[in-house]
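*Asks:* Mind looking at a prediction? Sequence and model below.
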Amino acid sequence: MKAGYPYYVIKELADRKNKYKLKNMGIALICEYFKNIGIDVAKPDTHITRMLGKNILGFSNKEEATLKEAVEYIKKIAEKNNISQIEVDVLLWLYCADGYGEICTKNDPKCNKCVIKNYCNKNKPNIA
């Protein structure tokens, strides 16, 4: 099996140059589809990539984690905590989404209510 599976398969299905490209679907939607058919993979949407980026949890050195980084980091978090990637994905998404947890929202984060703020880079001084 190819290294990076299922990300490799997801990337191939999202590649417009590939004859097996799924119409009107990018990586995030293909991941959501895979989740819905029982494949344990995260959907790296805007909430997830932002939260994993350098300004919040710092898994990536970019402001937002790339889609590939998000999938890989969530897989590592899931393995380390012995839970599914889908569980990690849903927990992070709920934490960020307007109308749900609304703790780590983009425009109005509730850092004072955050139970993981000790792991967050948002309010740490920038030592450069």
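*Replies:* Structure's in. What do you need?

*Asks:* From now on I want contacts and neighbour counts done on CA atoms only, so please keep to that.
*Replies:* Noted.

*Asks:* so residue 59 makes contact with residue 52?
*Replies:* Yes: using CA atoms under 8 Å, residue 59 is in contact with residue 52, at 5.3 Å.

*Asks:* joint contacts of these two?
*Replies:* residue 65 (CA atoms under 8 Å, 6 or more residues apart in numbering).

*Asks:* Of those two, which one has the most company?
*Replies:* Each of residue 59 and residue 52 has its neighbours counted (other CA atoms under 10 Å); residue 52 has more, 26 against 18.

*Asks:* So what does that one look like in phi/psi?
*Replies:* Residue 52 adopts backbone torsions of phi -80, psi -10, taken as degrees, to the nearest 10.

*Asks:* OK, contacts around it?
*Replies:* Applying CA under 8 Å, 6+ apart to residue 52 gives the contacts 58, 59, 60, 64, 65, 70.

*Asks:* Could I get the pLDDT score of the nearest residue to the first one once chain neighbours are set aside?
*Replies:* Same thing as residue 58. Counting by CA to CA, 6 or more residues apart in numbering, residue 52 is the residue found nearest to residue 58 once chain neighbours are left out, at 5.9 Å. Residue 52 carries a pLDDT value of 96.

*Asks:* buried residues in the worst-scoring helix or strand of the chain on mean pLDDT?
*Replies:* Among the helices and strands of the chain, helix 7-14 carries the lowest confidence by mean pLDDT, DSSP states H and E, at a mean of 87. With burial defined by 16 or more other CA atoms under 10 Å, the residues of helix 7-14 counted as buried are 7, 10, 11, 12, 13, 14.

*Asks:* Quick one: name whatever helix or strand follows that helix.
*Replies:* helix 27-36 (DSSP states H and E).

*Asks:* Which residues outside that next one are in contact with it?
*Replies:* 10, 11, 13, 14, 40, 41, 42, 43, 44, 45, 67, 86.

*Asks:* 6 Å instead?
*Replies:* 14, 43, 44, 45 (CA atoms under 6 Å, 6 or more residues apart in numbering).

*Asks:* unless I'm mixing things up, residue 86 is touching residue 43, no?
*Replies:* No: in this structure, residue 86 is not within contact of residue 43 by CA atoms under 6 Å, at 8.1 Å.
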